[in-house]
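Peer 1: For reference, the sequence and a predicted model appear below.
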Amino acid sequence: LAKTTQPISMDSYEGQEVNITCSHNNIATNDYITWYQQFPSQGPRFIIQGYKTKVTNEVASLFIPADRKSSTLSLPRVSLSDTAVYYCLVGMDSSYKLIFGSGTRLLVRP
Amino acid sequence: GAVVSQHPSWVICKSGTSVKIECRSLDFQATTMFWYRQFPKQSLMLMATSNEGSKATYEQGVEKDKFLINHASLTLSTLTVTSAHPEDSSFYICSASGAALLTNYGYTFGSGTRLTVV
């Protein structure tokens, strides 16, 4: 199970683009990279998943370099409602368990 | 899409009593469900893996006699906190995956249950 490292917290302002980078140096060949978002007192919500290069959906983009040892979640033009904790997860163990790291606490200011 | 319903969303109980939390998959069959606990400002900690029709697998340090898990059907898992104490106060979250979801690494989480033991 690949260990992930992300910034503990980030601050931004409404309308800005936010990029959260996750390091996962020991990612395995079969591992996918998945990002979840969690609002206070709610369960995590799936945002985006990718394996390599770039993935984009209606919420975010995920950039993965060729060596796959890191990934960047990009949130375009954030709003106050994007204030949340963002978790980067890489792979899972043989029992299909999702193990969460510390996540990045994003605060969007007016 | 896959929906997981967790109930209740919050509960207050007296010390020494037991509390049951339900987790239901509404539109898919969940062969596996996971239970997490989350303390304020901390990440989710996996407590146990619940497999339909078999005993739950607990993570190291989690008391199986205190946190009883039952997964009697493909759509329902329950977590019972027995003889609850104030230190059990936390946010409990379930997650479910069906066989198809596992291959897509797509896990769906419940909305969580805030347990307060007084």
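Peer 2: Arrived safely, thanks for sending.
Peer 1: Chain neighbours aside, what residue packs nearest to whatever residue of chain A ends up closest to chain B?
Peer 2: For chain A, the residue positioned closest to chain B under C-beta to the nearest C-beta is A:G43, at a distance of 3.3 Å. (C-beta placed from N, C-alpha, C; glycine too.) Spatially, and ignoring its direct neighbours in sequence, A:G43 is nearest to B:F109 (3.3 Å; C-beta to C-beta, 6 or more residues apart in numbering or on different chains).
Peer 1: By proximity to chain A, which residue of chain B wins?
Peer 2: Counting by C-beta to the nearest C-beta, chain B gets nearest chain A through B:F109, at 3.3 Å.
Peer 1: Now the phi/psi pair for that residue, please.
Peer 2: The phi/psi pair for B:F109 (degrees, to the nearest 10) reads phi -110, psi 150.
Peer 1: ok, it - contacts?
Peer 2: Residues counted as contacts of B:F109 (C-beta atoms under 8 Å, 6 or more residues apart in numbering or on different chains) are A:G43, A:P44, A:R45, B:V4, B:I93, B:C94, B:S95.
Peer 1: Which residues of chain B lie near chain A?
Peer 2: B:4, B:6, B:32, B:34, B:36, B:43-46, B:49, B:57, B:91, B:93-95, B:97, B:102, B:104-112, B:114 (C-beta under 8 Å from any C-beta of the partner chain).
Peer 1: hey, where'd the strands end up in chain B?
Peer 2: With DSSP state E, the ranges of strands along chain B come out as B:4-7, B:10-13, B:19-25, B:32-38, B:45-51, B:57-58, B:67-73, B:76-81, B:90-97, B:108-109, B:113-117.
Peer 1: Can you list the strands that the second one pairs with?
Peer 2: Paired with strand B:10-13 in the same sheet, following DSSP bridges, are strand B:113-117 (parallel).
Peer 1: and the least confident helix or strand in chain A by mean pLDDT, how far from the chain's centre?
Peer 2: Lowest on mean pLDDT, DSSP states H and E among the helices and strands of chain A sits strand A:45-50, with a mean of 92. How far strand A:45-50 lies from its chain's middle: 8 Å, per C-alpha atoms, centre = their mean, to the nearest Å.
Peer 1: Check stretch A:6-15 too.
Peer 2: With C-alpha atoms, centre = their mean, you get 12 Å for stretch A:6-15.
Peer 1: circling back to that earlier point, after the least confident helix or strand of chain A, next one along is what?
Peer 2: Where DSSP states H and E defines the elements, the next helix or strand beyond strand A:45-50 is strand A:53-56.
Peer 1: what packs against that following strand?
Peer 2: strand A:61-64 (3 or more C-beta pairs under 8 Å, 6 or more residues apart in numbering or on different chains; DSSP states H and E).
Peer 1: picking that back up, let's have the strands of chain B in a markdown table, adding distance to A:M10 and mean pLDDT.
Peer 2: Listed next are the strands of chain B as a markdown table, based on distance: least, C-beta to C-beta, whole Å; pLDDT from 0 to 100:
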| stretch | distance to A:M10 | mean pLDDT |
| --- | --- | --- |
| strand B:4-7 | 29 | 95 |
| strand B:10-13 | 29 | 97 |
| strand B:19-25 | 32 | 96 |
| strand B:32-38 | 20 | 94 |
| strand B:45-51 | 23 | 92 |
| strand B:57-58 | 35 | 94 |
| strand B:67-73 | 34 | 91 |
| strand B:76-81 | 33 | 96 |
| strand B:90-97 | 23 | 93 |
| strand B:108-109 | 23 | 90 |
| strand B:113-117 | 26 | 98 |
